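Peer 1: Sequence and computational prediction follow.
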There are 2 protein chains.
Amino acid sequence: MYLIGGTMMSEENTVYIGSKPLMNYVLAVVTQMNNGTSEVMLKARGRSISRAVDVAEVVKNKFVLEAEVGEINISTEELSNREGSNTNVSAIEIQLTNK
Amino acid sequence: MYLIGGTMMSEENTVYIGSKPLMNYVLAVVTQMNNGTSEVMLKARGRSISRAVDVAEVVKNKFVLEAEVGEINISTEELSNREGSNTNVSAIEIQLTNK
């Protein structure tokens, strides 16, 4: 794991979208693509799902005009809290490709 | 347009996801599918995008087990407010099919 603009990145070109300002994540994706990465995966859970869609749209429409949205997958993840009980949370994965 | 559980439906089997409780929208989709509709489209904008993903996941995992998520599309829509200025908002469309 390393950091770009304070945003967590994994080795596999995945950007995890959380509750930071939108542009942090946009910068992380654009930096990756400018470094020659042809595919970046955005992952988000719960309320951050809307922000992940915003990141994909802003990158594509304002910063990397040749980028395209690839496959989008949604799923349910089970989280266990400190009391040991489980909650279900929705998740999204958005593939962004730069040809 | 007609209403199921207070939820707006169009003729084309589209459920517009807004800020009502999750189960209102789940009920709308399940009712449609129980009436023989093989494809329901969920549409949401802005912060409701996360709820649209929740609706799809809950329908598929709890109510209509044979339902599948089909194509998912994201886009940007331009809204004009009362002052006449325009704002961009992200949107999602999730296709749910019941075979």
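Peer 2: Now that the structure is in, tell me what you want to look at.

Peer 1: CA only for contacts and neighbour counts going forward, please
Peer 2: Noted.

Peer 1: element containing residue A:29?
Peer 2: helix A:22-34 (DSSP states H and E).

Peer 1: quick one: the spatially most central residue of chain A and chain B, what's the gap?
Peer 2: What sits nearest the mean C-alpha location of chain A, by C-alpha atoms, centre = their mean, is residue A:42, with 2.3 Å. Going from residue A:42 to chain B by C-alpha to the nearest C-alpha, to the nearest Å gives 13 Å.

Peer 1: what sits against that residue?
Peer 2: A:14, A:15, A:16, A:17, A:52, A:56, A:92, A:93, A:94, A:95, A:96 (C-alpha atoms under 8 Å, 6 or more residues apart in numbering or on different chains).

Peer 1: Get me the contact residues on chain A for chain B.
Peer 2: Counting by C-alpha under 8 Å from any C-alpha of the partner chain, the residues of chain A lying close to chain B are A:46-50, A:53-54, A:57, A:72-76, A:89-91.

Peer 1: Could you identify the buried members of the residues you listed?
Peer 2: A:46-50, A:53-54, A:57, A:72, A:74-76, A:89-91 (16 or more other C-alpha atoms under 10 Å in any protein chain shown).

Peer 1: Which of those fall within strands?
Peer 2: A:72, A:74, A:75, A:76, A:89, A:90, A:91 (DSSP state E).

Peer 1: low-confidence ranges in chain A?
Peer 2: Low-confidence segments of chain A, defined by pLDDT under 70: A:1-12.

Peer 1: where along it do the helices fall?
Peer 2: A:22-34, A:48-58 (DSSP state H).

Peer 1: Just name the most buried of those.
Peer 2: Comparing these by mean neighbour count (mean count of other C-alpha atoms under 10 Å in any protein chain shown), helix A:48-58 ranks first with a mean of 25.

Peer 1: what packs against that one?
Peer 2: strand A:14-17, helix A:22-34, strand A:39-45, strand A:86-98, helix B:48-58, strand B:67-80, strand B:86-98 (3 or more C-alpha pairs under 8 Å, 6 or more residues apart in numbering or on different chains; DSSP states H and E).

Peer 1: Quick one: distance of it to the chain centre.
Peer 2: In this view, helix A:48-58 has its centroid 8 Å away from the chain centroid, taken as C-alpha atoms, centre = their mean, to the nearest Å.

Peer 1: out of the ones in strands among the buried ones among the residues of chain A next to chain B, what pair is the most spread apart?
Peer 2: A:72 and A:89 (16.9 Å; C-alpha to C-alpha).

Peer 1: Would you mind writing the CA trace of stretch A:47-58 as PDB?
Peer 2: Presented in PDB, the C-alpha positions along stretch A:47-58 are these (Å, rounded to 0.1, in the frame of the first residue of the first chain):
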ATOM      1  CA  ARG A  47     -22.700   5.800   1.400                       C
ATOM      2  CA  SER A  48     -19.300   6.300  -0.400                       C
ATOM      3  CA  ILE A  49     -20.800   4.500  -3.400                       C
ATOM      4  CA  SER A  50     -22.200   7.800  -4.800                       C
ATOM      5  CA  ARG A  51     -18.800   9.400  -4.400                       C
ATOM      6  CA  ALA A  52     -17.200   6.600  -6.400                       C
ATOM      7  CA  VAL A  53     -19.600   7.300  -9.300                       C
ATOM      8  CA  ASP A  54     -18.700  11.000  -9.000                       C
ATOM      9  CA  VAL A  55     -15.000  10.200  -9.200                       C
ATOM     10  CA  ALA A  56     -15.400   8.100 -12.300                       C
ATOM     11  CA  GLU A  57     -17.500  10.800 -14.000                       C
ATOM     12  CA  VAL A  58     -15.200  13.700 -13.100                       C
END
